[in-house]
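Enquirer: following is a predicted model, sequence given first.
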Amino acid sequence: MAAANLLTRSLLPALNPHPSSHPNRGSAAAAVSFPRRHHGRLSSVRASVSTASPSPPPQPAAAAGAPKHCFRRGADGYLYCEGVRVEDAMAAAARSPFYLYSKPQVLRNFAAYREALQGLRSVVGYAVKANNNLPLLRLLRELGCGAVLVSGNELRLALHAGFDPTRCCSLFLKFYLLRGMEWIIEQSKCVCIFASGGMPFCCCILFAFWMDYRCIFNGNGKTLEDLKLAAESGVFVNVDSEFDLENIVRAARATGKKVPVLLRINPDVDPQVDIFRDAAILMVNYVDEIRAQGFELEYLNIGGGLGIDYHHTDAILPTPMDLINTVRELVLSRDLTLIIEPGRSLIANTCCFVNKVTGVKSNGTKNFIVVDGSMAELIRPSLYGAYQHIELVSPPSPGAEVATFDIVGPVCESADFLGKDRELPTPDEGAGLVVHDAGAYCMSMASTYNLKLRPPEYWVQTTTDIPFFLVLISWGICKNPPVEEDGSIIKIRHEEKLDDYMKFFDGLPA
Ligand SMILES: Cc1ncc(COP(=O)(O)O)c(C=O)c1O
């Protein structure tokens, strides 16, 4: 968790362009102990953790357990994304490298959060920086996510994707038609989720639930221009520092808008221990203090940061349910709306980066698999030594020797690697090789270094989104929802072309 935030309605007048209109103005900043500058240094806040053991949290529902993985090796030895062979996706894409997503896995990951949040007022603010693919954003918006933004362009993109920061609530209907198939209806659009079982074969249960679409603008160096756009759009703005607050006030005055703010507190809690609970206890102490001073306070934001099993060791990692259970009672006891800002845990495991092997070589001491993808398209391993699991998409040729390889790209840099010391069967030229868990902080960090232009993106979908009226008509006529289990591969982003690059120089002096 990068930070925890509080939103107080009573602090809003402090940012009101017409300051004299509120009696609490002036005392608001003092009401919250947000990191203060002492002799040029920022003091941090230490969590005081209660030693009393919390009452037992609700048990995770079956559907909210660890989401099943979308990339699996079939009995035939081929790697599959949902029901589609990755090798077939390579043939369909006709170009390599590319990113391949599972749309159903996005739905399952979101369902795990929604399940965990039942009974709480909440905002699932998707951290757009993790992956800013437009169809992905639209999908997450349809599911009921808000957006967490760190730049003016991310905010513009979110608005373009249909996020409406001023709409705080929308009614969703959820119903089950067939076992394991969950439909969500919002504004006449119907999205089908394959939830994990538990429902009888044919039933129709209707749940109504409210989702809060709030958008949140984070960042420690927000520009005045971007803040003005945020003010115009009605986005919650996270106050990161005193100078940031001054800029927010300027933006509010310039636009004549009231800016809702969250106060960021970086809790000094031990990340090895129960960071979310420790931080939540700290935040709740603040909530009590602030309310005791007569301010109304509504939101508690515990940020993002839930991890995933990058090593594919079947490690038991905290699930969304585990995360929410650590703060559930605190949030309920203070009647707060919980904001979470997941990025990685919503989308990282939905995607593979698919490469083709160019060749295999050795320098006498080390073996290398050279692929067509590189640090330009996926930089996490070379940027911060991140481990992402790597495997071949097809069964090895008979007699292929298993050896230890570094997997490297063609970029002219010693840092150009996707993985080191990986034990793999020696692949043939042209074999497919995937880097797993590439949905978050991979394509969004891609560059065009060495003029390796950004690759295309595809997703595998197992059902099509169907307008609600069609679902009803179909249900009425044939007693069956119109599900197309088509396993189709849909392009969700075009590859960049050299012409796109050339356009940056159009009209400039030769
Ligand atoms: C404030 C804030 N919110 C959300 C996120 C998203 O975190 P993750 O993708 O790990 O869930 C981050 C990550 O850096 C963050 O700093």
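Expert: Structure's in. What do you need? Residues are numbered from 1 along each chain as shown.

Enquirer: got any ranges where the chain has weak pLDDT?
Expert: Residues of the chain that meet the criterion pLDDT under 70 lie in 1-68, 167-211, 267-274, 463-486.

Enquirer: after the top strand by length along it, which helix or strand is next?
Expert: Taking DSSP state E as the criterion, the chain has its longest strand at strand 351-362. Counting by DSSP states H and E, the next helix or strand C-terminal to strand 351-362 is strand 367-371.

Enquirer: any chance you could list what contacts that next one?
Expert: 97, 355-362, 403-410, 418, 424, 427, 433 (C-beta atoms under 8 Å, 6 or more residues apart in numbering). (C-beta placed from N, C-alpha, C; glycine too.)

Enquirer: residues contacting the residue most central in space within the chain?
Expert: Geometric centre of the chain, nearest residue: Gly343, 2.1 Å, by C-alpha atoms, centre = their mean. Taking C-beta under 8 Å, 6+ apart, we find Gly343 in contact with Tyr126, Ala127, Val128, Lys129, Ala130, Asn131, Val148, Gly304, Ala440, Tyr441.

Enquirer: please repeat the previous calculation with a cut-off of 7 Å.
Expert: Applying C-beta atoms under 7 Å, 6 or more residues apart in numbering, we find Gly343 in contact with Tyr126, Ala127, Lys129, Ala130, Gly304, Ala440.

Enquirer: phi, psi for it please.
Expert: phi -120, psi -70 (degrees, to the nearest 10).

Enquirer: next, count neighbours for whatever residue of the stretch 51-200 of the chain ends up closest to the ligand.
Expert: Nearest residue of the stretch 51-200 of the chain to the ligand: Ala127, at 3.6 Å (C-beta to the nearest ligand atom). Ala127 has 28 neighbours, counted by other C-beta atoms under 10 Å.

Enquirer: who does it form a beta bridge with?
Expert: Val148 (DSSP bridges).

Enquirer: contact residues of the stretch 351-500 of the chain facing the ligand?
Expert: Within the stretch 351-500 of the chain, the positions lying close to the ligand (C-beta under 6 Å from any ligand atom) are Ala440.

Enquirer: report all helices and strands that the helix ranked longest in the chain contacts.
Expert: As assigned by DSSP state H, the longest helix anywhere in the chain is helix 275-292. Helix 275-292 is packed against strand 4-7, helix 320-333, with contacts defined by 3 or more C-beta pairs under 7 Å, 6 or more residues apart in numbering; DSSP states H and E.

Enquirer: what's the angle between the last one and helix 275-292?
Expert: Between the axes of helix 320-333 and helix 275-292, defined by axes from the mean of the first three to the mean of the last three C-alpha atoms, to 10 degrees, the angle is 20 degrees.

Enquirer: do helix 320-333 and the ligand meet?
Expert: No. Applying C-beta under 6 Å from any ligand atom, one finds helix 320-333 separated from the ligand by no less than 10.3 Å.

Enquirer: tell me what that helix is packed against?
Expert: In terms of contacts (3+ C-beta pairs under 7 Å, 6+ apart), helix 320-333 is packed against helix 103-116, helix 275-292.

Enquirer: quick one: terminal-to-terminal distance for stretch 354-369?
Expert: 14 Å (C-alpha to C-alpha, to the nearest Å).

Enquirer: quick check: Pro395 touching Gly77?
Expert: Yes. Proximity of Pro395 to Gly77 meets the contact threshold set by C-beta atoms under 7 Å, at 3.4 Å.

Enquirer: if you count surrounding residues, which of the two has more?
Expert: Pro395 (14 against 11).

Enquirer: ok but that one is inside a strand, no?
Expert: No. Counting by DSSP: H, G, I helix; E, B strand; the rest coil, Pro395 falls outside a strand, being coil.

Enquirer: wait, what's in contact with it?
Expert: By C-beta under 7 Å, 6+ apart, the neighbours of Pro395 are Gly77, Tyr78.

Enquirer: just the helices in the protein please.
Expert: Assigned by DSSP H, the chain shows helices spanning 28-31, 86-93, 103-116, 134-143, 152-160, 224-233, 242-255, 275-292, 320-333, 344-347, 380-384, 468-478, 498-502.

Enquirer: CSV please, covering those and showing mean neighbour count.
Expert: Shown next, in CSV, are the helices of the chain (neighbours: other C-beta atoms under 10 Å):
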stretch, mean neighbour count
helix 28-31, 16
helix 86-93, 18
helix 103-116, 24
helix 134-143, 20
helix 152-160, 18
helix 224-233, 20
helix 242-255, 18
helix 275-292, 20
helix 320-333, 20
helix 344-347, 26
helix 380-384, 16
helix 468-478, 13
helix 498-502, 10
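
Enquirer: tabulate those in a markdown table, adding columns for distance to Cys70.
Expert: Below are the helices of the chain laid out as a markdown table (distance: least, C-beta to C-beta, whole Å):
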| stretch | distance to Cys70 |
| --- | --- |
| helix 28-31 | 47 |
| helix 86-93 | 11 |
| helix 103-116 | 4 |
| helix 134-143 | 14 |
| helix 152-160 | 25 |
| helix 224-233 | 34 |
| helix 242-255 | 39 |
| helix 275-292 | 26 |
| helix 320-333 | 17 |
| helix 344-347 | 11 |
| helix 380-384 | 20 |
| helix 468-478 | 24 |
| helix 498-502 | 30 |
